[in-house]
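Chemist: Sequence and predicted structure, then a few things I'm wondering about:
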Amino acid sequence: MCPGPITDLFRAYRNANVGDVIELLATDPAARSDTEAWARRSGNEIVAVIDEKDYLRIQVCVVKKGR
Amino acid sequence: MAYPPMMLATTGAAMGMEVHLYFTFWGMNMISKKTIDSLKISPVGNPALPMPNILGMLPGMTSMTTSMMQGKMKKIKMPSIREMIKTAKDSGVKFHACSPTMDMMGLKREDLIPEVDDIIGAATYLELASEDAITLFV
């Protein structure tokens, strides 16, 4: 639930290194557009968005480490 | 109206923005130890809640409306304000208390939750808010 997915993504991002792929599992459909917005702002890339049965699986590649 | 600033603040911080929250007047209830766990919502003058003001004014209506909202929030597992503040703080959000409001309510630093960074006045806040910023008054 917003801001849960983005906060979790951010936490993982803080501990990740450039080249890591973070996988975010979210039940909130807004996570799709939120992660895209997050990726644009942070300069990182969405590798894949997979629609699983009850949730979204979003894979984000860490291209750039900022904050 | 306690939730919107917390959600925006946490999300902003997660997106790499520098986020400052300034708590003034009734917003102070969110960061005061005495009132943080008993925040209420009133149906009076609230166009989103479908109840005529003349009913909303009756004793007990504020408590009932608050319970109703809390029930809805529990159903979707929304975190409490205390938890949202912890998450926001952990994400780098800065918490500022309004100095004149504290005087008005007779509060001291010890009466506020530990997450509060400092007590400032309007000029300090406006300086923070005025450079390359999105400022929201909630």
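Modeler: Yep, that arrived.
Chemist: How are the helices of chain B distributed by residue range?
Modeler: B:3-14, B:53-56, B:61-75, B:81-90, B:99-105, B:122-130 (DSSP state H).
Chemist: correction: chain A
Modeler: A:4-15, A:31-42.
Chemist: Go through the last one and flag the buried ones.
Modeler: By neighbour count with 16 or more other Cβ atoms under 10 Å in any protein chain shown, helix A:31-42 contains the buried residues A:31-32, A:34-35, A:38-39, A:42. For every residue, glycine as well, the C-beta is placed using N, CA and C.
Chemist: Widest-spaced pair of those?
Modeler: For these, with distances taken as Cβ to Cβ, the pair at the greatest spread is A:Arg32 and A:Ser42 (16.3 Å).
Chemist: still on that earlier bit, now tabulate the helices of chain A in a markdown table and tack on distance to chain B and mean pLDDT.
Modeler: Putting the helices of chain A into a markdown table (distance: least, Cβ to the nearest Cβ, whole Å; pLDDT from 0 to 100) gives the following:
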| stretch | distance to chain B | mean pLDDT |
| --- | --- | --- |
| helix A:4-15 | 4 | 88 |
| helix A:31-42 | 5 | 88 |
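Chemist: Apart from its chain neighbours, what residue comes closest to residue 30?
Modeler: All of this is about chain A. Leaving aside its sequence neighbours, A:Ala30 sits nearest to A:Cys2 (Cβ to Cβ, 6 or more residues apart in numbering or on different chains; 5.7 Å).
Chemist: other chain: chain B
Modeler: B:Ala2 (5.3 Å).
Chemist: That neighbour - how many residues pack around it?
Modeler: Neighbour count of B:Ala2, defined by other Cβ atoms under 10 Å in any protein chain shown: 18.
Chemist: I figured it hits B:Trp26, correct?
Modeler: No: B:Ala2 is beyond contact range of B:Trp26, at 9.7 Å (criterion: Cβ atoms under 8 Å).
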